[in-house]
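A.B. asks: any chance you can model this:
(chains A and B)
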Amino acid sequence: MASNWVRNLAVSAAGAAGLAAAGSALAVPWNLQAPVTRIAADIHGLHEYVMILVTLIFIGVFGAMFYSVYAHRKDKGHKAAQFHESTTVEVLWTVIPLVILVVIAWPATKVVIAQKDTSQADLTIKVTGYQWKWGYDYVKGEGEGIRFFSTLTTPRDQIEGRAKKGANYLLEVDNELVVPVNKKVRILATGADVIHAWWVPAFGAKQDAIPGFIRDIHFKAEKTGTFRGQCTELCGKDHGYMPIVVRVVSQDEYTKWVGEHKDKKAAATEDPGKIVAAAESARK
Amino acid sequence: MSAVVDSHGHEHHHDHHGGYGGIMRWITTTNHKDIGTLYLWFSFIMFMVGGAMAMVIRLELFEPGLQWVNPDFFNQMTTMHGLIMVFGAIMPAFVGFANWLIPMQIGAPDMAFARMNNWSFWILPFAASLLVISFFVPGGAPGVGWTLYAPLTVQMGVGMDLTIFAVHLLGMSSIMGSINIITTILNLRAPGMTLMRMPLFCWTWLITAYLLVAAMPVLAGAVTMTLTDRHFGTSFFNAAGGGDPVLYQHIFWFFGHPEVYIIALPAFGVISQVIPAFSRKPLFGYASMVYATSAIAILSFIVWAHHMYTVGMPVTGQLFFMYATTLIAVPTGVKVFNWVATMWKGALSFETPMLFAIGFLFLFTLGGMTGLVLSLAAVDIQLHDTYYVVAHFHYVMAIGAVFAGFAGIYFWLPKWTGRMYDETLGKWHFWLSTIFINLTFFVQHFSGLAGMPRRVPDYPLMFETWNKLSSIGAFGFGLSQLLFLYIVLKALKRGEKAKDKQWEGADSLEWTHLPTPVPYHTFETQPVLK
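C.D. replies: Residues are numbered from 1 along each chain as shown, chains lettered A, B, ... in the order given. Here you go, the predicted structure:
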């Protein structure tokens, strides 16, 4: 009898482990992407913190409701009570949520302030959204004067199903944005035609690119690697086909990359200083 | 309340359909019940049209790559799906409920402005036609999203102008309907029916009507500025001419956030009638329900920019809108707690309306919780314009408001038509809808968290599993609504005769004072309530 029970337990444990293994083998991403910046990590933490709180509240409230559904049924012969108000209870469930909100808002405020602090950047890059590609201008810091466009390279055949889709389907470009690791990068976003939005999920950085205006965000990648995102503001026909790819490299590699781009620097026609000055005055 | 039955109208109701028969009866009608019926059928047709568009969207998103439609048409589908569902399906459905119920619940013979009532309805088919015609003009319907953001709107063809005129008409219809509702509630209540004795459905509609009168002109202004930017050389939203594209978003969302509650509050009203009836217990905290509804309405006007956390507002702006938005959780929480407390220690039974009400309570609150997550500006930066947002607002609208609508239809159909629906099929409708709609939208939280942007016709391979599941759910939910149509038609045709007071716990005037089916004219002599 006892051995049967043990065997059953062992079989179900193995079954559960098998399911879990199958789940991880599928590798379906279901949570925020692994953070690469401090801000993204903070967002991650904040999200988990709030999710735990709201899940507890949800279980509490609907635990009560489902208990009622289970116990207070007419077909079980339960007679309806006739109470319909209680000032004490009503005050309590107004005040307690208020307190919970303060508990949530406090850490959220700190992250918002950190997100908005674009001061003392090591490198400033202007990002321009076009229908349907991105333009990058290195306007201040090492690499000043480098400028290029970044366009989707996924072939039409893959999109229309005539060829097998590659691993980075819709997330690959001709010219990646290259930045040094552990350096604070300030992004000045603007749009050339309509509103676009520049987003790299792993950086926790998203900014609408608005024609005629410059708005800034920042990120400081703490790991090297290639990170991918997509335009997140509907910008017309090919909104789904203008990805963002950022390659974070070591300082040495970055210096080398800048050297390779020296020729292109001469081609820059716009005075980058002006753009920075305009952004500075817009911030005041 | 006494159980005196007003039989006056009943004796004559067959010859009281006005001067016309056939189609002219419906075109010329000034009867609040006829107009309520027109609104409800119109809304159901629009629900099917908007739903068909959702099917096209989910079909294209079933797998990565472009299979069925081109990106332009895909954008037109998402735009029109949103506009038709919000303005054509959900809003008219609740105006239909208001027309049917408000006069009967406050003991009035009809709406205050009966002819204007006819006019407010008959504008709608013209507005809907403009939206549909826009597909057939050069350039097709606008592919800009239901929010109609500038300056993308400037690039669109004639379809954009038709849409703008449709929005004008829809706004006029809503404002006229609201004036009617406010006037009716404030002036036509039966003696003894004080404001604080009104059924909560009337309260939520009174407050909703004020929101509509305040918010719809703002939307009309925004789209008119878009129209003049497109054709008459103005630059409201064009930086090159001294305007600002973000100004459009501020104006739009100053309308758009109250709009969220314009959709939600009448749903709250329906739920506040259904839950007490099947709990056989009075609504818990009636007064606090009224105050909470008012608080939500007031707060709804100072939170609009939480839809715009990524436009680059100053830090003080981000913080103000974050704090104001989280505050909405307090009155909304009060409402949820009150509903649960109403059920607590009641004598519950679970007919179809109650199932949908419980489904509403559970799933709307789930959508509210993700709303709290999104209210935090820091987190929203990551989730803005991803499928997480799509999941969130479909939980509160496509599940919240729509389930409340189903609850209301099953609850009042016996009263209105004198015929019962098939309870077994009703329960099937509930369970199929619940399972499939959750399959559709729950998984979208995951694709959103993982980084899938909304409004894209094609997506990277890592999102494929979630999209497949979501599409299967959507097809299932769509098909389940054909069952709903069958249930209603079957009830109309050969449903069992319903009782005067079909639901044991229902206590508003339409149940206690009127026969079933309700006569064509009711309360020609107002009841006196002690």
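A.B. asks: show me chain A divided up by domain.
C.D. replies: Here the domain assignment for chain A is A:32-116, A:123-282, based on automatic domain parsing.
A.B. asks: apart from its neighbours in sequence, what residue is nearest A:Met51?
C.D. replies: B:Val373 (7.0 Å; C-beta to C-beta, 6 or more residues apart in numbering or on different chains). Heads up, the C-betas are built off the backbone N, CA and C, glycines and all.
A.B. asks: which SSE is the one you found in?
C.D. replies: Assigned by DSSP states H and E, B:Val373 belongs to helix B:352-375.
A.B. asks: which residues touch the closest residue in space to B:Asn467 that isn't next to it in sequence?
C.D. replies: Spatially, and ignoring its direct neighbours in sequence, B:Asn467 is nearest to B:Leu61 (4.9 Å; C-beta to C-beta, 6+ apart). Applying C-beta atoms under 8 Å, 6 or more residues apart in numbering or on different chains, we find B:Leu61 in contact with B:457, B:459, B:467, B:470-471.
A.B. asks: got the buried residues for stretch B:473-490?
C.D. replies: B:473-478, B:480-481, B:484, B:487-488 (16 or more other C-beta atoms under 10 Å in any protein chain shown).
A.B. asks: show me which of these neighbour chain A.
C.D. replies: Taking C-beta under 8 Å from any C-beta of the partner chain as the test, chain A is in contact with none of these.
A.B. asks: kindly reformat these as TSV containing secondary structure.
C.D. replies: Output for the buried residues of stretch B:473-490, formatted as TSV (DSSP: H, G, I helix; E, B strand; the rest coil):
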residue	secondary structure
B:Gly473	helix
B:Ala474	helix
B:Phe475	helix
B:Gly476	helix
B:Phe477	helix
B:Gly478	helix
B:Ser480	helix
B:Gln481	helix
B:Phe484	helix
B:Ile487	helix
B:Val488	helix
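A.B. asks: related to what we said a few turns ago, B:Gly312: which of the domains of chain A is closest?
C.D. replies: domain A:123-282 (2.9 Å; C-beta to C-beta).
A.B. asks: tell me the mean pLDDT for the closest one?
C.D. replies: For domain A:123-282, mean pLDDT rounds to 91.
A.B. asks: could you do stretch A:97-115 as well?
C.D. replies: 95.
A.B. asks: spatially central residue in chain A, please.
C.D. replies: Closest to where the C-alpha atoms of chain A average out (C-alpha atoms, centre = their mean) is A:Pro201, at 3.1 Å.
A.B. asks: once you drop chain neighbours, what's closest to the residue of chain B found nearest chain A?
C.D. replies: Ranked by C-beta to the nearest C-beta, the top residue of chain B for proximity to chain A is B:Ala239, at 2.0 Å. Nearest residue to B:Ala239 in three dimensions, chain neighbours excluded: A:Gly212, at 2.0 Å (C-beta to C-beta, 6+ apart).
A.B. asks: can you give me the distance of the residue nearest to A:Gln251 when sequence neighbours are not counted to chain B?
C.D. replies: Nearest non-adjacent residue to A:Gln251, counting by C-beta to C-beta, 6+ apart: A:Pro180, 5.1 Å away. Computed as C-beta to the nearest C-beta, to the nearest Å, the A:Pro180 to chain B distance reads 23 Å.
A.B. asks: re the thing from before, give the next helix or strand downstream of the helix holding B:Val373.
C.D. replies: helix B:377-383.
A.B. asks: which residues touch the residue of the stretch 51-200 of chain A found nearest chain B?
C.D. replies: The nearest approach of the stretch 51-200 of chain A to chain B comes at A:Val111, 3.7 Å away (C-beta to the nearest C-beta). By C-beta under 8 Å, 6+ apart, the contact list for A:Val111 reads A:39, A:42-43, A:46, B:378.
A.B. asks: go with 6 Å
C.D. replies: By C-beta atoms under 6 Å, 6 or more residues apart in numbering or on different chains, A:Val111 lies in contact with A:42, A:46, B:378.
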